[in-house]
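Asks: Could you look at this predicted model? Sequence included:
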Amino acid sequence: MYYKEDWDNAQARMRAWWRHELETPLAQVVAPIEGKESACVFDWWALMRAGASTEQVLEDYLAWCESTWFGGAAFPNMFFNMGPGVLAAYSSGYLYFEPTSCTSWFENPQPWEMVDSYRFQENKWWRFTMEGMNVFADAGKDRFIMGMTDLGGILDVLSSFRGAQDLAVDLLNAPERVHQARKRILEDWHCAYDMLLPIITRNQEGMSAWMGIWCPGTWYPLQCDFAALISPDQFAEFVLPDVVEQCKRLDHSIFHLDGPGQIPHLDMLLEIEELDGIQWVPGTGNPQCEALQWRPLYEKILGKGKSLVLQCFDDVNRLPAVLEGLPRTGMLISVGASTQEEGTRLLRKLEQL
């Protein structure tokens, strides 16, 4: 690969990581190449900005790749970013991008009569995705890895249709409607995924996603951010069946556990045989992944034989103390460094944990 000279070795390590055969952490470190620091900037929201062309975004992305060092299992990963949960826009047609906060809004609460009519369709957002991903897939051959766009979680998409507060009430007052809707969304999710997959893989082996992990088969970071608002019993009824089903349909999967509000659901997730692992994201305002308070969480995840993905740090140098005595098999640690020299030292330290 043009921007990743040791790509074969990185692929081999990631294959072994998915098979739980690595006895040391899988480390990913990115840093600006010396002398090219000023060019090492890429706007991951560029596709959504008014007037932006796919060709210009591609040019800017290639410039970023040219100025970036990808250490260890890190690699140039282009996922077509339109915001988390873009499947909602493919069904309802609603997407509003706020350029100041760099946020794509899909939530546009509607009555059930309207929600019941929403289905995945060929609208302007789907055409934009298909056309853009075709451009990137052709340009990426032997240069970077193309990833799946962020389709989102099943109940998160329904939350965009109904609004989070109304959906929370619906779980109590209209459970059958929720069940019917989530089943439709699940099928639409896999329909969109299956249609994009041939584009992604036509010029490359395997695929990636927003989490930045290469996989030789099909995979996706499963999630349900809405789950932070509901009880474990509600999670078991309205979320868990879809997670189980998606795990069965994909070759591999990692669940995006987003913040302390989702920890009550962890035990159920760890019992899913087909689920490969958990990505822990402490959330804004909380101590990050190197904090000692998360050690019991890591013990539980690794003790169940699941992979543990850590990518959010304030000071990664404090991580060894947190991981002391824990099994290393299944760990993946992603960090950024300010210089390539610093990144090289950090990579060596992480791979020797």
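Replies: That came through, no problem. Residues are numbered from 1 along each chain as shown.
Asks: top helix in this structure by residue count?
Replies: helix 175-201 (DSSP state H).
Asks: where's that one relative to the chain centroid, distance-wise?
Replies: How far helix 175-201 lies from its chain's middle: 17 Å, per CA atoms, centre = their mean, to the nearest Å.
Asks: quick one, helices of the chain?
Replies: With DSSP H as the criterion, the chain has helices spanning 7-18, 54-66, 87-92, 112-115, 124-139, 154-162, 164-173, 175-201, 232-238, 240-249, 266-270, 295-303, 319-323, 340-351.
Asks: Quick one: closest of those to Thr24.
Replies: Distance to Thr24, taken as CB to CB, is lowest for helix 340-351 among the helices of the chain, at 5.5 Å. For glycine as for every other residue, the C-beta is placed from the backbone atoms N, C-alpha and C.
Asks: Residue ranges in the stretch 151-300 of the chain under the pLDDT threshold?
Replies: For the stretch 151-300 of the chain, no stretch is flagged by pLDDT under 70.
Asks: Count the neighbours of the nearest residue to Asp315 once chain neighbours are set aside for me.
Replies: In this structure, Asp315 finds its nearest non-sequential neighbour in Glu290, 5.8 Å apart by CB to CB, 6 or more residues apart in numbering. As a burial measure, Glu290 scores 21 neighbours (other CB atoms under 10 Å).
Asks: check contacts around Glu290.
Replies: Shown in contact with Glu290 (CB atoms under 8 Å, 6 or more residues apart in numbering): Phe313, Asp314, Asp315, Val316, Asn317, Arg318, Leu319, Val322.
Asks: Show me how to select, in PyMOL, the buried members of these.
Replies: Buried members of the contacts of Glu290 can be picked out in PyMOL with the line below, counting by 16 or more other CB atoms under 10 Å:
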select buried, resi 313+316+319+322
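Asks: just curious, which of the contacts of Glu290 is nearest to Thr100?
Replies: Using CB to CB, those come closest to Thr100 at Asp314, 25.2 Å.
Asks: how far away is the closest one from Glu290?
Replies: 7 Å (CB to CB, to the nearest Å).
Asks: Between these two, which contacts overlap?
Replies: By CB under 8 Å, 6+ apart, no residue touches both Asp314 and Glu290.
Asks: Pipe the contacts of Glu290 into TSV and attach distance to Ile33 and pLDDT per row.
Replies: Putting the contacts of Glu290 into TSV (distance: CB to CB, whole Å; pLDDT from 0 to 100) gives the following:
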residue	distance to Ile33	pLDDT
Phe313	22	97
Asp314	25	95
Asp315	24	94
Val316	20	93
Asn317	23	91
Arg318	27	94
Leu319	25	94
Val322	31	94
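Asks: Could I get the helices of the chain in CSV, plus columns for distance to Asp225?
Replies: Conversion of those to CSV gives the following (distance: least, CB to CB, whole Å):
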stretch, distance to Asp225
helix 7-18, 25
helix 54-66, 26
helix 87-92, 13
helix 112-115, 19
helix 124-139, 20
helix 154-162, 5
helix 164-173, 9
helix 175-201, 15
helix 232-238, 12
helix 240-249, 13
helix 266-270, 14
helix 295-303, 18
helix 319-323, 25
helix 340-351, 28
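Asks: Figure out which of those helices is closest to Thr329.
Replies: The nearest among these, by CB to CB, is helix 295-303 at 7.8 Å.
Asks: re the thing from before, what distance do you get for the residue nearest to Asp315 to Phe313?
Replies: In terms of CB to CB, Glu290 sits 5 Å off from Phe313.
Asks: what do you get for Ala10?
Replies: To Phe313, Ala10 is 21 Å away according to CB to CB.
Asks: likewise Ala137?
Replies: In terms of CB to CB, Ala137 sits 32 Å off from Phe313.
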